[in-house]
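Undergrad: quick check, what structure comes out for this input:
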Amino acid sequence: MKKEYIDLSHTIKDGGLTYKGLPAPIICDYISREQSKATYENGTSFQIGKIELVGNTGTYMDSPFHRYEDGKDLSEIGLKKIADLPAILIHAPWKEHLDVGIDFFKNKDLQHKAVLIHTGWSEHWQTDQYFENHPFVTEEAAQYLMEQNVALVGIDSHNIDDTRENSRPVHSILLKQEILIVEHMNALDQLTGKEFTFSAIPPKIENFGTFPVRAFATI
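TA: Numbers count the residues shown, from 1 in each chain. Predicted structure coming up:
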């Protein structure tokens with residue numbers, strides 16, 4: 001049976017701001033095609049690109065090192081933690097609830113699954129509204145997800161925590177138990193009513209806690 005892949009990532013573009021207060025990525029040529037012509041035979045050219053970005057760019061994954069100095073960094077995350085995970089979609093429309101509480105997760109089979117929270121907030125991507133009064137997971141819900149031994153939690157919002165406060169209980173609870181977090185997801189509505197697995201693959205980087213991923217569902 002032919003597999004279907006659904007891309008759940010935002011496109012990273014030069015100047016595209018992901019997180020208010022952090023710099024947008026700079027994407028440019030290191031060696032342009034025109035410059036490379038001087039090196040190669042006639043009709044042959046290459047582009048070598050250069051990108052400058054912070055880890056919190058586009059759709060990205062938080063590893064334990066992001067929150068804890070002694071936590072696992074991106075290079076220490078095994079593939080079985082980030083590839084082909086059994087997954088479940090949780091609908092939590094932002095127009096009804098900004099706080100995604102424990103009731104959204106109760107009486108659902110969550111163990112060892114990637115839990116993807118579809119709030120619909122991604123419709124505000126690249127607008128000023130995206131950064132303000134966004135949907136978030138409550139501390140109580142995070143504790144419940146941890147107790148259910150979930151593998152990963154993803155959300156299509158600006159932050160999995162409530163950024164109106166300076167505490168980050170959801171990051172603290174999940175990452176302490178090596179439950180990975182994927183934020184700024186996209187197109188989760190395309191998974192409604194479907195059975196799927198989830199993958200989100202960052203580069204293997206030492207001493208780095210957060211980096212963009214190509215997140216996708218396999219149906």
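
Undergrad: all strands for the protein, in order.
TA: With DSSP state E as the criterion, the chain has strands at 5-7, 26-31, 48-52, 60-62, 85-91, 99-100, 114-118, 136-137, 152-155, 180-183, 197-201, 210-212, 214-218.

Undergrad: what's the per-residue pLDDT of residue 95 here?
TA: At residue 95, the pLDDT value in this model is 92.

Undergrad: for residue 188, see how far away it is.
TA: Residue 95 is 15 Å from residue 188, where distance means C-beta to C-beta, to the nearest Å. Yep, even glycine has a C-beta here, placed from its N, CA and C like the rest.

Undergrad: which one of these two has more residues nearby?
TA: More crowded of residue 95 and residue 188, by other C-beta atoms under 10 Å: residue 188, with 24 against 9.

Undergrad: quick one: residues contacting the more buried one.
TA: 8, 89, 116, 117, 118, 122, 156 (C-beta atoms under 8 Å, 6 or more residues apart in numbering).

Undergrad: beta-bridge partners for residue 114, please?
TA: residue 87, residue 152 (DSSP bridges).

Undergrad: pLDDT score assigned to it?
TA: pLDDT, residue 114: 98.

Undergrad: contacts only, for the residue nearest to residue 34 when sequence neighbours are not counted.
TA: Spatial nearest neighbour of residue 34, excluding adjacent residues (C-beta to C-beta, 6 or more residues apart in numbering): residue 45 at 7.4 Å. Listed by C-beta under 8 Å, 6+ apart, the contact set of residue 45 reads 33, 34, 36, 37.

Undergrad: if we go to 10 Å?
TA: 31, 32, 33, 34, 35, 36, 37, 38, 39 (C-beta atoms under 10 Å, 6 or more residues apart in numbering).

Undergrad: now render the residues you listed as CSV, adding distance to residue 82, pLDDT and neighbour count.
TA: Output for the contacts of residue 45, formatted as CSV (distance: C-beta to C-beta, whole Å; pLDDT from 0 to 100; neighbours: other C-beta atoms under 10 Å):
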residue, distance to residue 82, pLDDT, neighbour count
31, 32, 97, 15
32, 34, 97, 14
33, 34, 96, 12
34, 39, 96, 10
35, 37, 97, 14
36, 35, 97, 15
37, 40, 96, 14
38, 42, 94, 8
39, 38, 94, 10
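
Undergrad: residue 181 against residue 151, yeah?
TA: No. Judged on C-beta atoms under 10 Å, residue 181 makes no contact with residue 151 at a distance of 11.2 Å.

Undergrad: between these two, tell me which one has more neighbours.
TA: A count of neighbours by other C-beta under 10 Å puts residue 181 above the other of residue 181 and residue 151, at 25 against 20.

Undergrad: which residue is nearest the centroid of this protein?
TA: residue 182 (2.9 Å; C-alpha atoms, centre = their mean).

Undergrad: mind checking pLDDT for that one?
TA: pLDDT, residue 182: 98.

Undergrad: that one against residue 10, yeah?
TA: No. In this structure, residue 182 is not within contact of residue 10 by C-beta under 10 Å, at 11.5 Å.

Undergrad: what sits in contact with each of the two?
TA: 59, 60, 156, 215.

Undergrad: if any of the residues you listed are buried, put those into a PyMOL selection.
TA: A single PyMOL command selects the buried members of the shared contacts of residue 182 and residue 10 (16 or more other C-beta atoms under 10 Å):
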select buried, resi 59+60+156+215
